[in-house]
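Undergrad: I'd like to go over a predicted model; first the sequence, then the structure.
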There are 2 protein chains.
Amino acid sequence: MSPATSSAEATGTLKKGLHQEGRRMTPQRRLVLDLFEQIGSGSHLSAEEVHRQLVDNQSKVSLATIYRTLRLLVEMDFLQELELRDGGSRFELADEEHIHHHHLVCVRCGRTEEFENEPVLQAGRDACKQFDFELIDSSLNVRGICPACR
Amino acid sequence: MSPATSSAEATGTLKKGLHQEGRRMTPQRRLVLDLFEQIGSGSHLSAEEVHRQLVDNQSKVSLATIYRTLRLLVEMDFLQELELRDGGSRFELADEEHIHHHHLVCVRCGRTEEFENEPVLQAGRDACKQFDFELIDSSLNVRGICPACR
DNA sequence: GTTTGTGCAAATTTTTTGCATGTAG
DNA sequence: CTACATGCAAAAAATTTGCACAAAC
């Protein structure tokens, strides 16, 4: 099967988005986006992990730039920020097809599964309507213990 | 109207729970629990905020003890840990009646509303069943923009 | 009395920032 | 060229920990 989204396409979209805001496409930014594209939309990396992966891959990027780039990509909706476990945020590709998925995390080993659920989406809409908020997004985090850890 | 739960009752329950685990009831622990009881189950405080409130109230507690106490009370299910915004965990009373509520947060001003929703609860159960996890708890976080910030 | 808890200050961890230099457009 | 981005190292913020002393049981 063919890849759902090519790296070139996303990089092109990113470049356009950056230019619209008076920002620039840099090798560092491309590296971060490419990494997320390569690993796919189901992986949740911390800033440190992104940095280590790139450095291990012979790329020269500083951790400070990773933090700045991650914030930028979240602002631009290319990435989504998650707070699944303690000790720092994690990020994943904000894939259109996956933007409304949820997470099931094992509190022992950190294993993370994703699932979709329409009623949850509706619950977010309902809550916003009730309090007259404008919905940005909603995410359900379920904590549990996986079979292997029992 | 009479208070739903008296401070004495919760303190007594806490004391019993502590003793069961070979731990001790201290003035500091009582202070933290009392604070959460006074403010009710809809308030979300950070460790710093808990500390400031107690110190402002002429109580002498260290921030380190607040952190230790909060962790302890979460372990004992007297408090629930939330990760609603960036920059640190927040805690709220793990009231039986409110244990399955969810949060709607304004990304601009931080205003937080709570709501309940049965389908969300069911979604958590379903996800656990699907992956054979044992459910601990689940929470829906909805991000949006409140009327005042628009 | 013995064991657990607290305060303090130092250490860790995670993230941000100031500034000189580099580079995309 | 000029504005924006990066790297580095220092700063800030959030949380944890070692240790001597205090207090609960």
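TA: Nice, thanks for sending it over.

Undergrad: State the number of residues packed around A:Thr11.
TA: A:Thr11: 16 surrounding residues under other C-beta atoms under 10 Å in any protein chain shown. C-betas here are computed from N, CA, C, even on glycine.

Undergrad: So A:Gly17 belongs to a helix, correct?
TA: Yes. Assessed by DSSP: H, G, I helix; E, B strand; the rest coil, A:Gly17 belongs to a helix.

Undergrad: what mean pLDDT does stretch A:55-68 have?
TA: If you average the pLDDT over stretch A:55-68, you get 96.

Undergrad: Neighbouring strands of the longest strand anywhere in chain A in the sheet, and parallel or not?
TA: Taking DSSP state E as the criterion, chain A has its longest strand at strand A:134-145. Sheet pairing of strand A:134-145 (DSSP bridges) gives strand A:101-106 (parallel), strand B:134-145 (antiparallel).

Undergrad: from those strands, which stretch is densest packed?
TA: strand A:101-106 (a mean of 22; mean count of other C-beta atoms under 10 Å in any protein chain shown).

Undergrad: export that one as PDB, just CAs?
TA: Listed in PDB are the C-alpha atoms of strand A:101-106, where the atom choice follows Å, rounded to 0.1, in the frame of the first residue of the first chain:
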ATOM      1  CA  HIS A 101      -8.300   9.700  19.000                       C
ATOM      2  CA  HIS A 102      -7.800   9.000  22.700                       C
ATOM      3  CA  HIS A 103      -5.300   7.300  24.800                       C
ATOM      4  CA  LEU A 104      -5.200   4.300  27.100                       C
ATOM      5  CA  VAL A 105      -2.000   4.200  29.200                       C
ATOM      6  CA  CYS A 106      -0.700   1.500  31.500                       C
END
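
Undergrad: low-confidence ranges in chain A?
TA: A:1-9, A:96-99 (pLDDT under 70).

Undergrad: how does it look with 80?
TA: A:1-12, A:42, A:84-87, A:95-100 (pLDDT under 80).

Undergrad: and A:Ser89, what does it touch?
TA: A:46-47, A:81-83, B:86 (C-beta atoms under 8 Å, 6 or more residues apart in numbering or on different chains).

Undergrad: out of the strands paired with strand A:134-145, nearest to DNA strand D?
TA: strand B:134-145 (16.3 Å; C-beta to the nearest atom of the strand).

Undergrad: what comes into contact with the closest one?
TA: So strand B:134-145 is contacted by A:107, A:120, A:123-124, A:127-128, A:133-145, A:150, B:80, B:82, B:84, B:99-100, B:102-108, B:117, B:120-121, B:123-125, B:127-128 (C-beta under 8 Å, 6+ apart).

Undergrad: Please give the centre-to-centre distance between it and its chain.
TA: Distance of strand B:134-145 from the chain centroid (C-alpha atoms, centre = their mean, to the nearest Å) equals 14 Å.
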